[in-house]
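K.L.:
I'd like to go over a predicted model; first the sequence, then the structure.
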Amino acid sequence: MKILVCISNVPDTTTKITFTNDNTEFNTAGVQYIVNPYDEIALSKAIELTEGGKGTVTVINVGEASNDPTIRKALAIGADDAVRVNASPRDAYFVAKQIAEYAKDKDFNLILTGRESIDYNGNQVAAMVGEFLDIPSISIIKKLTVDGDTATLEREIEGGKEVVTVSGKFIASCAEGVAEPKIPNMRGIMSARTKPLNVVEAVAIDEVSKVTKYETPAPRGQVKLVPADQTAQLIDLLHSEAKVI
């Protein structure tokens, strides 16, 4: 079994977010980057599926050379090799196209991603890759088992669960519950230094979207406590100040 896992290089969750160039670019100064947590779940599941010589796991990232330490962490967790598409990931369409172009002739049995990246929370790449490769795409799965050429996946839906079976190649985006994220041990960290990390150039495609401006959320206001018996006052505040009713 050959599995491709797509990983993103995202700011640590404790990062203070600021912008530069008139709020058109993310300020990377002093930012610590990590493997996108949802992608770590996908990677852990891929490693589980291939344990005991059952297959190989390749991780792919679209990014510049500064992403290499994050990719090496994925190798330390247990991926067999890695690929970096040498380009700035300008939007989801661009990223998905680069992944699809790399994967189209590599005969991967399945492709896994995280449900979304924690920086843009777009939840777009997996579906786009599936469309580019003309393979089934299953979004936000909570469970995955593979038996031969057939995979069974579970998704949460309103009021219950949806069970999907897929035969042949497919792509799925993974949420919590699919697998427990793995922590790299010392052996994994050492071996990651010598595992292959291949760099390929990006395929030229037209720009279909562009960020015009970023904005940070408004500062939180002071909390107002309303006595439990003052229902009318609460309704008035929700209407006149919070403007939610």
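P.N.:
Received, thanks.
K.L.:
buried sites along the strand or helix carrying residue 166?
P.N.:
If you go by DSSP states H and E, residue 166 is part of strand 160-167. Within strand 160-167, the residues that count as buried by 16 or more other CB atoms under 10 Å are residue 166. C-beta here means a position set from N, CA and C on the backbone, and glycine is covered the same way.
K.L.:
Stretch 183-190 now?
P.N.:
So for stretch 183-190, counting by 16+ other CB under 10 Å, buried means 184, 188.
K.L.:
same thing with stretch 193-208?
P.N.:
Those would be 195, 197, 202, for stretch 193-208 by 16+ other CB under 10 Å.
K.L.:
Going by distance to residue 215, which of the residues you listed wins?
P.N.:
The closest of those to residue 215 turns out to be residue 202 (CB to CB; 29.0 Å).
K.L.:
Now that closest one: closest residue in space, sequence neighbours ignored.
P.N.:
residue 87 (3.6 Å; CB to CB, 6 or more residues apart in numbering).
K.L.:
now swap in residue 44 and tell me
P.N.:
Once flanking residues are discounted, residue 44 sits nearest to residue 179: 4.0 Å by CB to CB, 6+ apart.
K.L.:
Please list all residues in contact with the one you found.
P.N.:
For residue 179, the contact set (CB atoms under 8 Å, 6 or more residues apart in numbering) comprises 41-42, 44-45, 48.
K.L.:
at 6 Å what do you get?
P.N.:
41, 44-45, 48 (CB atoms under 6 Å, 6 or more residues apart in numbering).
K.L.:
Please apply the same query to residue 4.
P.N.:
Counting by CB under 6 Å, 6+ apart, the residues that residue 4 touches are 58, 60, 103, 108, 111.
K.L.:
what do you get if the cut-off is 10 Å, keeping everything else the same?
P.N.:
Taking CB atoms under 10 Å, 6 or more residues apart in numbering, we find residue 4 in contact with 46, 56-60, 79, 83, 99, 102-103, 106, 108-113, 129, 171.
K.L.:
Quickly find the element holding it.
P.N.:
According to DSSP H and E, residue 4 maps onto strand 2-6.
K.L.:
partner strands of the helix or strand that that strand is followed by, parallel or antiparallel?
P.N.:
The C-terminal neighbour of strand 2-6 among helices and strands, as given by DSSP H and E, is strand 9-11. Neighbouring strands of strand 9-11 in its sheet, by DSSP bridges, are strand 33-35 (antiparallel).
K.L.:
what are the phi and psi angles of residue 17?
P.N.:
Main-chain dihedrals, residue 17, degrees, to the nearest 10: phi -90, psi 120.
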